[in-house]
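Novice: here is my input; please provide its structure:
(2 chains)
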Number of protein chains: 2
Amino acid sequence: MSTVGFIGLGNMGGPMAANLVKAGFTVKGYDVVDQAQRKAGDAGVEIVTSPAEAADGADFLVTMLPKGQHVRDVLLGEQSPLSKLASGAIMIDCSSIDVPTSRDLNARGIELGIQVLDAPVSGGVSGATAGTLTFMVGGEESTVQKAQPVLDAMGSRVVVTGGPGAGQVAKACNQMVFGSSLAALAEAFTIAQRLGLEPQKLFDVLRTSSGDCWALHNFTPLPGLVENSAADNDYAPKFAAALLAKDLGLALTAANSAGVHLAVGKTALAMFDDMAKESGHLDASAVIKSIPTS
Amino acid sequence: MSTVGFIGLGNMGGPMAANLVKAGFTVKGYDVVDQAQRKAGDAGVEIVTSPAEAADGADFLVTMLPKGQHVRDVLLGEQSPLSKLASGAIMIDCSSIDVPTSRDLNARGIELGIQVLDAPVSGGVSGATAGTLTFMVGGEESTVQKAQPVLDAMGSRVVVTGGPGAGQVAKACNQMVFGSSLAALAEAFTIAQRLGLEPQKLFDVLRTSSGDCWALHNFTPLPGLVENSAADNDYAPKFAAALLAKDLGLALTAANSAGVHLAVGKTALAMFDDMAKESGHLDASAVIKSIPTS
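Specialist: This next block holds a predicted model:
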């Protein structure tokens, strides 16, 4: 099997790297956080001491970093680890980052003869652990085909969305629709509660009417409506509000770069941004606790 | 079979009254518009010359009026047709109106010994014609049971949402979630188009990810993605933007009466209100044409 360099072994990257090990890849991993390195080491990842060492001679380089700035710092500096990869290697950036950085990364790859895919994921930590992530992939079809075994080891679904950056655009757009739906649900359930409409009744109407949406079933903002909802568990995060705020920020950046003036998407961003200041660690569905009332 | 008085024989009320006739009810109908009266007459409705005459001796009174003000004018004036109904009669207001008016109507019913249900619908003109409307019903369970044959003749589903006004609250909340989702979809597809992500690719990501929603499949804002979408037919209305703007206004009224400060719902209202000024006759999905770009 091939060798995979892996940079960023956090809550998402750690289990993803572990799944590559399980699938038989040799994985050389790096993270700035000791604990993340140790945990990945326990899962069979060969821990190295720099991004360049992770990339050195590898057939694939997978990155899972928090923000565009990290991608710039780690991959677009003068000493880019991209130049250490084996000839014909493929770089797969699974980070959710801004479109311009993603496109710059692609351009750097072309300079260095490395094929780059942007492949942000959906599915969260549970999907990363179970190996059931969905990858939204921007890049050349032929590159995606070559990367398929690596993606298959970490996820259950690959959607090829288009050329470089298209994966990031798709994810940002999706998150914006999700966040806007969730914000509207939070407002709707707040109105219902205060006007004496039982949450269960509103739930029953929404799920069978034009207000039905994925967020209703998976991020139900009130307890007692859906089994194992975050709301049933004091809003312990399935997907933290701070992460959704970050994704909505990426959608705004994408919109700005496209000359699109957002209204609903921007309002949803403001709601989750506000909430994230104090409660960003809670599940995104806890946004219902920050709906202002008088 | 019983006699039903029917006030408001327009695009929705006309086919609803016709379905009551088909189900064997004697229907006495009134509308201010001659053409609506003639069309209902052709469908077997006995046309009368005033709301009072429609109600006179009837076992049920069904109303389908455009706005709360019409309900006030027709039903809450001094000469309310409610007083003409048979003893023990039931009034079913299918209009989508503001919660305070709906609750006032209920109170007037109690004064006059008439049981009142608020029963706004979803399903649009096609649902009204096919007899497949969903009723969101506020009122006493026992009254709903007695009204069931009338509701069954016009629709395929009855959701009892709670006490007086609860049907209106449920519908307003549902429409707010629908409108917010649709507005976010319009923004997402606009970003995608301008950043070179094919609409089909975004559609594929959304329908299998956290951005999935009823609006995506039924009010897809771009052509070529879903069979028989309004977008495929130059945005000929399945549900006109002006009507959605009206419903979002009702959600804002409900929120205000509940002391809830809307953000996303209010922004969606502003988007559809703006659009409705010039293109309110188009399908709500045409909101994508009014997303500002530079």
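Novice: what count of nearby residues applies to residue A:86?
Specialist: Residues near residue A:86, counting by other CB atoms under 10 Å in any protein chain shown, number 17. Glycine gets a C-beta too; all of them are placed from N, C-alpha and C.
Novice: how far away is it from residue A:55?
Specialist: Between residue A:86 and residue A:55 the computed distance is 9 Å (CB to CB, to the nearest Å).
Novice: thought residue A:279 was touching residue A:289?
Specialist: Yes. With contacts defined as CB atoms under 8 Å, residue A:279 counts as touching residue A:289 at a distance of 7.2 Å.
Novice: ok, those two, which is more surrounded?
Specialist: Between residue A:279 and residue A:289, counted using other CB under 10 Å, the more crowded position is residue A:279 (17 against 14).
Novice: and the more buried one, how far from residue B:265?
Specialist: 21 Å.
Novice: now do residue A:150
Specialist: Distance of residue A:150 to residue B:265, given as CB to CB: 43 Å.
Novice: the two: who's more crowded?
Specialist: A count of neighbours by other CB under 10 Å puts residue B:265 above the other of residue A:150 and residue B:265, at 31 against 23.
Novice: so what's the more buried one up against?
Specialist: Contacts were defined as CB atoms under 8 Å, 6 or more residues apart in numbering or on different chains; by that measure residue B:265 touches A:184, A:187, A:188, B:176, B:179, B:180, B:248, B:251, B:252, B:255.
Novice: try it again at 7 Å.
Specialist: With contact set as CB atoms under 7 Å, 6 or more residues apart in numbering or on different chains, residue B:265 has these partners: A:184, A:187, B:176, B:180, B:248, B:251, B:252, B:255.
Novice: surely it is in a helix?
Specialist: Yes. Assignment of residue B:265 by DSSP: H, G, I helix; E, B strand; the rest coil places it within a helix.
Novice: next up, the contacts around the nearest residue to it once chain neighbours are set aside.
Specialist: Spatial nearest neighbour of residue B:265, excluding adjacent residues (CB to CB, 6 or more residues apart in numbering or on different chains): residue B:176 at 4.4 Å. Under the criterion of CB under 7 Å, 6+ apart, the contact partners of residue B:176 comprise A:184, A:187, A:188, B:248, B:251, B:265.
Novice: switch the cut-off to 6 Å
Specialist: Contact partners of residue B:176, counting by CB atoms under 6 Å, 6 or more residues apart in numbering or on different chains, are A:184, A:188, B:251, B:265.
Novice: once you drop chain neighbours, what's closest to the first one?
Specialist: Across the structure, with CB to CB, 6+ apart as the measure, the residue nearest residue A:184 apart from its sequence neighbours is residue B:180 (3.5 Å).
Novice: show me the strands in the stretch 101-250 of chain A, by range?
Specialist: Residue ranges of the strands in the stretch 101-250 of chain A, as given by DSSP state E, counting those that start in this stretch, are A:115-118, A:121-122, A:133-138, A:155-162.
Novice: those strands: which one's closest to residue B:99?
Specialist: For the strands of the stretch 101-250 of chain A, distance to residue B:99 was read as CB to CB. The smallest value, 37.7 Å, belongs to strand A:121-122.
Novice: residue A:28 looks like it's in a strand, true?
Specialist: Yes. With the criterion set as three-state DSSP, the secondary structure at residue A:28 is a strand.
Novice: contact partners for it?
Specialist: Neighbouring residues of residue A:28 by CB under 6 Å, 6+ apart: A:5, A:46, A:48, A:54.
Novice: hmm, 10 Å instead?
Specialist: The contact partners of residue A:28, taken as CB atoms under 10 Å, 6 or more residues apart in numbering or on different chains, are A:3-7, A:17, A:45-48, A:53-58, A:61.
Novice: so what sits opposite it in the bridge?
Specialist: Listed by DSSP bridges, the beta-bridge partners for residue A:28 are residue A:5, residue A:46.
Novice: tell me the pLDDT of it.
Specialist: Residue A:28 is assigned 98 on the pLDDT scale.
Novice: what do you get for residue A:123?
Specialist: In the prediction, the pLDDT value recorded for residue A:123 is 87.
Novice: now do it against chain B, distance only.
Specialist: Distance of residue A:123 to chain B, given as CB to the nearest CB, to the nearest Å: 9 Å.
Novice: just checking, that residue touches residue A:171?
Specialist: No. In this structure, residue A:123 is not within contact of residue A:171 by CB atoms under 10 Å, at 11.5 Å.
Novice: what's the overlap in contacts for these two?
Specialist: Any residue near both residue A:123 and residue A:171 by CB under 10 Å, 6+ apart counts here, and that gives A:134, A:135, B:209.
Novice: pick the one among those residues closest to residue B:202.
Specialist: For residue B:202, the closest of these turns out to be residue B:209, at 10.2 Å, with distances computed as CB to CB.
Novice: quick one: the strands of the stretch 101-250 of chain A as CSV, columns for mean neighbour count too.
Specialist: Putting the strands of the stretch 101-250 of chain A into CSV (neighbours: other CB atoms under 10 Å in any protein chain shown) gives the following:
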stretch, mean neighbour count
strand A:115-118, 27
strand A:121-122, 24
strand A:133-138, 28
strand A:155-162, 20
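Novice: out of those, which is closest to residue A:217?
Specialist: So among the strands of the stretch 101-250 of chain A, strand A:121-122 is nearest, using CB to CB, at 15.2 Å.
Novice: the closest one: how far from the chain's middle?
Specialist: 5 Å (CA atoms, centre = their mean, to the nearest Å).
Novice: what lines up beside it in the sheet?
Specialist: When sheet partners are counted by DSSP bridges, strand A:121-122 sits next to strand A:133-138 (antiparallel).
Novice: got the CA coordinates for the partner strand in PDB?
Specialist: Output in PDB follows, covering the C-alpha atoms of strand A:133-138 (Å, rounded to 0.1, in the frame of the first residue of the first chain):
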ATOM      1  CA  LEU A 133     -17.600  11.200   6.100                       C
ATOM      2  CA  THR A 134     -18.900  12.800   2.900                       C
ATOM      3  CA  PHE A 135     -16.100  14.500   0.800                       C
ATOM      4  CA  MET A 136     -17.000  17.500  -1.300                       C
ATOM      5  CA  VAL A 137     -14.200  17.400  -3.800                       C
ATOM      6  CA  GLY A 138     -12.900  20.100  -6.100                       C
END
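Novice: give the rounded mean pLDDT of that strand.
Specialist: When pLDDT is averaged along strand A:133-138, the result is 96.
Novice: how about stretch A:275-286?
Specialist: Stretch A:275-286 comes out with an average pLDDT of 97.
Novice: and the helices in the stretch 1-150 of chain A?
Specialist: With DSSP state H, counting those that start in this stretch as the criterion, the stretch 1-150 of chain A has helices at A:13-22, A:34-42, A:51-55, A:68-75, A:99-112, A:124-130, A:141-154.
Novice: what's the closest of those to residue B:243?
Specialist: Judged by CB to CB, the one of these that comes nearest to residue B:243 is helix A:99-112, at 36.1 Å.
Novice: can you give me the angle that closest one makes with helix A:141-154?
Specialist: If you take axes from the mean of the first three to the mean of the last three CA atoms, to 10 degrees, helix A:99-112 sits at 110 degrees to helix A:141-154.
Novice: could you check how far helix A:99-112 is from the centre of its chain?
Specialist: Here the centre of helix A:99-112 is set off from its chain's centre by 19 Å, with CA atoms, centre = their mean.
Novice: for the record, mean pLDDT for it?
Specialist: 95.
Novice: please apply the same query to stretch A:255-266.
Specialist: 97.
Novice: buried set for it?
Specialist: By 16 or more other CB atoms under 10 Å in any protein chain shown, the buried positions in stretch A:255-266 come out as A:255, A:257, A:258, A:260, A:262, A:263, A:264, A:265, A:266.
Novice: format the CA atom coordinates belonging to that stretch as PDB.
Specialist: Included here for stretch A:255-266 are C-alpha records, laid out as PDB according to Å, rounded to 0.1, in the frame of the first residue of the first chain:
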ATOM      1  CA  ALA A 255     -20.200  35.500  -1.300                       C
ATOM      2  CA  ASN A 256     -18.000  38.600  -1.000                       C
ATOM      3  CA  SER A 257     -15.500  37.200  -3.400                       C
ATOM      4  CA  ALA A 258     -18.300  36.500  -5.900                       C
ATOM      5  CA  GLY A 259     -19.900  39.900  -5.500                       C
ATOM      6  CA  VAL A 260     -23.000  38.400  -3.900                       C
ATOM      7  CA  HIS A 261     -24.700  40.500  -1.200                       C
ATOM      8  CA  LEU A 262     -26.000  38.100   1.400                       C
ATOM      9  CA  ALA A 263     -29.100  38.900   3.500                       C
ATOM     10  CA  VAL A 264     -30.400  35.700   5.200                       C
ATOM     11  CA  GLY A 265     -27.000  34.000   5.200                       C
ATOM     12  CA  LYS A 266     -25.400  37.100   6.800                       C
END
